[in-house]
Every structure is written in C-alpha cells, then in structure tokens.
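A.B. asks: pasting the structure only:
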C-alpha cells in the first residue's frame, strides 16, 4: 500500500522500519518540527525524521497539521492509508477521512483501557500485570475508534516505563505490518470499544515527581518505576533533590534484622531506618523501601554504594521536604 506515516519519538521508529521492510511504499513521513536541545540549543531532528532521512523518504513537519496548507500537502500524497504512532498532534475529520482506508493508530495499551497520552507509564504506576498494543481505526474522539487488532504483553515484576516502552514499540512494529496486510485484503473485523471500560491515561506532569513517603511501599515502588525517565521520582535529602532510580519494596519481617531498633520503632514515613554497604532503607506509610541507585542534584546516576562514599547516610535521617 501507499502509506503516509505520522510519528515523532523513538516509539514510532520501529513501526516505520517494519512498514518499509514489508515493502509498502512510504510516500512521506509527517513528524513534529525540529526543536532546540542541550546547552547549545542546537536544532535536533525527531527520531522518526532521522529514520526517514536514512531511507530517503520525504519529510513534512507542519506546525499545525489542521491548517489548510498542511491538509493540501497531505492530500497531494494520494496515500491509501495514514499510519499514526505517537505523532503528537490531533488530526481533523477532514484528514481522518482523506485516505482510502482512513487513518490507523498504533496505541500502547489494550483499549479501551488507558486512552490518552501516557498509557505506558500509567500501566506501571497502577500495578498492572498485563498490557499490550491495539491497532485502532481513528475517529474524531480521543482513542475511541474501532479496534482492528490487539496483542497482549506481560509486565514483569521489575518492569519500568522505559523497558515496557521498548517491548511495546517492538510489538507495535510487528502488529502494524500484519494489520496493513489484513486491511488491504479486507480480512479484518472492526470491534467497537466499550466506553464504560475505558480509563484516561493523562500526560505526565513535573508535579508528580515529588515522593510522598506516607504512601505504601508497594505503591511507591510502582510510581518510581513508572516515572523512571521523566519526570523521575524525587525526594529531598539534606536540602537538595535526590532522584531515586532503583528501589524495591521490602517486607518488614524479611529485613527486620537489619534495622537499628532505636529508629525502627515508631519511625515516621521518610525516616532512614537502616543503612548497609549498598542500600539504605526508608520507612513509608506501610512497609519499607530499599533504595539501591540514586542521582544527587547536579550529578550523575550512581549506585547507593558509591553514593554513600560522598554522602554517609545515617539511620534516623529524614527524607522529604
């Protein structure tokens, strides 16, 4: 088929590569405008643009995809189908109805659950055991279109948003090729979503990063793994921000022997109750969190073993503002 591919971040790159390798004609790639990045504020192309450039595919970067000029550019490609994967702009009904087979989206959840911008992160934060990828026929609603294909993906016990992102990107790259073949042959049956089963995966916000130690250790474990790349889970230690990179909820009866009895009894949430050579243990609202990798403000990520060399954490110290 003649395809116009719309996508922006790393998540979409594998899908574009798979479509190319499957022999489809990619008439153009539509992606977000380049943005300045780093201290030098040099303009950097999106990952999808870099992929398109490597394959000599024309790239279109509209500031507003709904503008009449942009719509006419899309129309000029005369594509059979538009494939969308984390593009970052909302398509108008005029665009959705433009290609012969409409527009399909590679969505990183098992719809109708987790509609919205951050399904990967919220599946981790909410402690889900299974998620997946849905190929959806796009309509004017927010991820409300008919489902064409689905594939389940298990969420491992120590899964982070980063590792799950990579698994789902790979799954989506395989599924979209299968879906395009079935769409072209007419061998696909659209299934309507049950809106009553839907939930909204709102965009991550910087304000979510501050750790509330009064929450349960198991809840914080999921939160930290879900926020791993951005915005990250941050607490305050000795007046400065400390990002938590690796941790694990620890049952009190399993680590009780490690605790300094003076601090273990009636410790308030956020209190360091024990320190050993490669970890420190923090009291939460319920249970203990074992911290094994951190990033001090203005420094690089490091193991707690290395962190303790410069920051000798003591039992009884308090984390949080």
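C.D. replies: Done, it's in. Just so it is clear, the model here is predicted, and its values are computed rather than measured.
A.B. asks: Any regions of the stretch 51-200 of the chain where pLDDT drops low?
C.D. replies: Residue ranges of the stretch 51-200 of the chain with pLDDT under 70: none are present.
A.B. asks: Which residue ranges of the stretch 1-150 of the chain form strands?
C.D. replies: Assigned by DSSP state E, counting those that start in this stretch, the strands in the stretch 1-150 of the chain fall at 2-7, 25-30, 35-37, 42-44, 59-60, 81-85, 103-107, 115-116, 130-137, 147-154.
A.B. asks: Could you tell me which strands sit next to the longest strand along the chain in the sheet, and their orientation?
C.D. replies: Counting by DSSP state E, the longest strand found in the chain is strand 240-250. Strand 240-250 has its sheet partners listed here by DSSP bridges as strand 233-237 (antiparallel), strand 288-296 (antiparallel).
A.B. asks: re the thing from before, in a markdown table: the strands of the stretch 1-150 of the chain, plus mean neighbour count.
C.D. replies: C-beta here means a position set from N, CA and C on the backbone, and glycine is covered the same way. Formatted as a markdown table, these follow (neighbours: other Cβ atoms under 10 Å):
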| stretch | mean neighbour count |
| --- | --- |
| strand 2-7 | 25 |
| strand 25-30 | 20 |
| strand 35-37 | 10 |
| strand 42-44 | 10 |
| strand 59-60 | 17 |
| strand 81-85 | 25 |
| strand 103-107 | 24 |
| strand 115-116 | 18 |
| strand 130-137 | 23 |
| strand 147-154 | 16 |
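A.B. asks: Let me have these in JSON lines, extended by distance to residue 97.
C.D. replies: Converted to JSON lines, the strands of the stretch 1-150 of the chain look like this (distance: least, Cβ to Cβ, whole Å):
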{"stretch": "strand 2-7", "distance to residue 97": "14"}
{"stretch": "strand 25-30", "distance to residue 97": "17"}
{"stretch": "strand 35-37", "distance to residue 97": "30"}
{"stretch": "strand 42-44", "distance to residue 97": "34"}
{"stretch": "strand 59-60", "distance to residue 97": "19"}
{"stretch": "strand 81-85", "distance to residue 97": "10"}
{"stretch": "strand 103-107", "distance to residue 97": "9"}
{"stretch": "strand 115-116", "distance to residue 97": "21"}
{"stretch": "strand 130-137", "distance to residue 97": "11"}
{"stretch": "strand 147-154", "distance to residue 97": "17"}
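A.B. asks: List just the one of the ones you listed that sits closest to residue 208.
C.D. replies: strand 115-116 (14.6 Å; Cβ to Cβ).
A.B. asks: Check what contacts that closest one and list those residues.
C.D. replies: The contact list for strand 115-116 (Cβ atoms under 8 Å, 6 or more residues apart in numbering) reads 109, 142-144, 198-203.
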